[in-house]
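Participant: The following block contains a protein sequence and its predicted model.
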Amino acid sequence: MNKLLRVGQIVNTQGIRGEMRIYPLTDYKERFEEIDWVYMGEDTDKKYFIEKVRYKNELVILKLKGIDDINEAEKFKTKYLTIPKAFSRILPEDTYYIVDLIGMEVYTQEHEYLGVLKEVIQSAGNDIYEITYHKNPEKSILIPAVGEFIKEVDMKEKKITVQLIEGFLE
């Protein structure tokens, strides 16, 4: 199965003609103008072709072919829009696709194994890495994805090295 990249999340409808408000999960929201179609979540059985793209503040307003009224658009609220990783853009240095980071092992600078990167929580300020703590799998460690704490991402070794501060493990 080809890996899928999340490019946006449907947060609401827009108007009555089937348009949807999309929170872009990309630093380059104009990306929606460069792709012809998206999947809804992990379902790769149906492609949804992009009919129209416009912008409203930080959101992308998207019209997909075949979704022509508010009732139909409402059914897709909270779904992620995904594309095959093969359609990905080349990223700048020290920038990574979330799908490539998930599952990487996480260590401290002192080589202590912390666990596995479970999720990247995207927020307005900065992303947050959620790590499943190996000593207590019920517990997650949350680390802001900024240079102060993320010291190295080794894609070859599938390993992330972090700098912990007091409170991260509490």
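Facilitator: Good, I have the coordinates.
Participant: what are the ranges of the strands in this structure?
Facilitator: 4-14, 19-24, 37-40, 43-56, 59-64, 80-84, 105-108, 113-121, 128-133, 140-144, 150-154, 159-162 (DSSP state E).
Participant: so where's the chain shaky on pLDDT?
Facilitator: 1-2, 124, 168, 170 (pLDDT under 70).
Participant: So it: which segments form each domain?
Facilitator: 4-87, 98-162 (automatic domain parsing).
Participant: Nearest approach to residue 169 belongs to which of the ones you listed?
Facilitator: When those are compared for distance to residue 169 using C-beta to C-beta, the nearest one is domain 98-162, at 6.4 Å. To be clear about C-beta, it is placed using only N, CA and C from the backbone, and glycine gets the same treatment.
Participant: I figured residue 17 hits residue 69, correct?
Facilitator: Yes: counting by C-beta atoms under 8 Å, residue 17 touches residue 69, with 6.6 Å between them.
Participant: Quick one: residues contacting the residue of the chain positioned farthest from its centre.
Facilitator: What lies farthest from the middle of the chain is residue 110; by C-alpha atoms, centre = their mean that is 29.1 Å. The contact partners of residue 110, by C-beta atoms under 8 Å, 6 or more residues apart in numbering, come to none.
Participant: give the contact list for residue 94.
Facilitator: residue 153.
Participant: Need phi/psi at it.
Facilitator: phi 60, psi 30 (degrees, to the nearest 10).
Participant: How much space separates it from residue 141?
Facilitator: Here residue 94 is placed at a distance of 22 Å from residue 141 (C-beta to C-beta, to the nearest Å).
Participant: Many thanks, we can stop here.
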